[in-house]
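Novice: give the three-dimensional model of this entry:
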Amino acid sequence: MSEQAPQENNYNYNAYTGGQSAPAPVASPERPKQVNISFWLLIACLVLSVLTVPLGIAGLNSAEGRETLENQLQQQNPGNLTVDDVISASTAFLVIVAVLNVAVTLLVAFFIRKGHNWARILLTVFTVLSLLALVVPGGLTPLGIAGMVLLLAATVLLYITPAPEFFKAMKQYRISRKFGQAY
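Specialist: Next comes the predicted model:
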């Protein structure tokens, strides 16, 4: 009877890849200029949005604004409400909406810049909903129209080549980073 040689270590450390070597590390994709321009258009839109708050408050407190509110209160007769009550509530509402708008817009803008597709989709939905303001009579001021144009331009740029490829590449990059293959 012949004696067999001891077997060598048969462990396969690449078993998770089916015996093949691991893929090469993936580098972070370069951000296209459209994404950068879109980011800065969103920041400009945000600045215009913030500027509308003091202008809106000033409009409410103007003689014409007070007269309009007084006429509406007389027609609707809501009870004990005064013009000052309506102006205070409207001012609080404007400030709260402005703070939320700043927070959400900054969040979306920075995540778009990082290449997160969900932020691009959220911006698209927000832009479509914002366009509904165009059908409301007297819904937009000149600053509002300028902000709408900036918002629309920022959104459209994110769908022009090579921006969509950037979002796909960033998704792959994040996946490869998760599994330790990125550098």
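
Novice: can we go C-alpha only for contacts and neighbour counts from here?
Specialist: OK.

Novice: which parts of the strand or helix carrying I121 are buried?
Specialist: In this structure, I121 sits in helix 117-131 according to DSSP states H and E. Buried residues in helix 117-131, counted by 16 or more other C-alpha atoms under 10 Å: 117, 119-120, 123-124, 127, 131.

Novice: contacts for it?
Specialist: 108-109, 111-112, 148, 151-152, 155, 158, 167-168 (C-alpha atoms under 8 Å, 6 or more residues apart in numbering).

Novice: try 10 Å this time
Specialist: If you take C-alpha atoms under 10 Å, 6 or more residues apart in numbering as the criterion, helix 117-131 is touched by 42, 104-105, 107-113, 145, 148-149, 151-156, 158-159, 164, 166-168, 170-171.

Novice: circling back to that earlier point, so which of the buried residues of helix 117-131 is the closest to Q76?
Specialist: Distance to Q76, by C-alpha to C-alpha, is smallest for L131 among the buried residues of helix 117-131, at 29.4 Å.

Novice: packing partners of the helix or strand bottoming out on mean pLDDT in the chain?
Specialist: The weakest-scoring helix or strand in the chain, judged by mean pLDDT, DSSP states H and E, is helix 63-76 (a mean of 85). With contacts taken as 3 or more C-alpha pairs under 10 Å, 6 or more residues apart in numbering; DSSP states H and E, helix 63-76 sits against helix 33-61, helix 83-113.

Novice: alpha carbons of it, as PDB, please.
Specialist: Output in PDB follows, covering the C-alpha atoms of helix 63-76 (Å, rounded to 0.1, in the frame of the first residue of the first chain):
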ATOM      1  CA  ALA A  63     -51.100 100.800   4.100                       C
ATOM      2  CA  GLU A  64     -52.400  98.900   1.100                       C
ATOM      3  CA  GLY A  65     -51.800  95.500   2.700                       C
ATOM      4  CA  ARG A  66     -53.600  96.600   5.900                       C
ATOM      5  CA  GLU A  67     -56.500  98.000   3.900                       C
ATOM      6  CA  THR A  68     -56.800  94.700   1.900                       C
ATOM      7  CA  LEU A  69     -56.800  92.700   5.100                       C
ATOM      8  CA  GLU A  70     -59.400  95.000   6.700                       C
ATOM      9  CA  ASN A  71     -61.700  94.500   3.700                       C
ATOM     10  CA  GLN A  72     -61.300  90.700   3.800                       C
ATOM     11  CA  LEU A  73     -62.000  90.700   7.600                       C
ATOM     12  CA  GLN A  74     -65.100  92.700   7.100                       C
ATOM     13  CA  GLN A  75     -66.400  90.400   4.300                       C
ATOM     14  CA  GLN A  76     -65.700  87.200   6.100                       C
END
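
Novice: circling back to that earlier point, most tightly surrounded among the helices and strands packed on helix 63-76?
Specialist: A comparison of the helices and strands packed on helix 63-76 by mean neighbour count, using mean count of other C-alpha atoms under 10 Å, puts helix 33-61 on top with a mean of 18.
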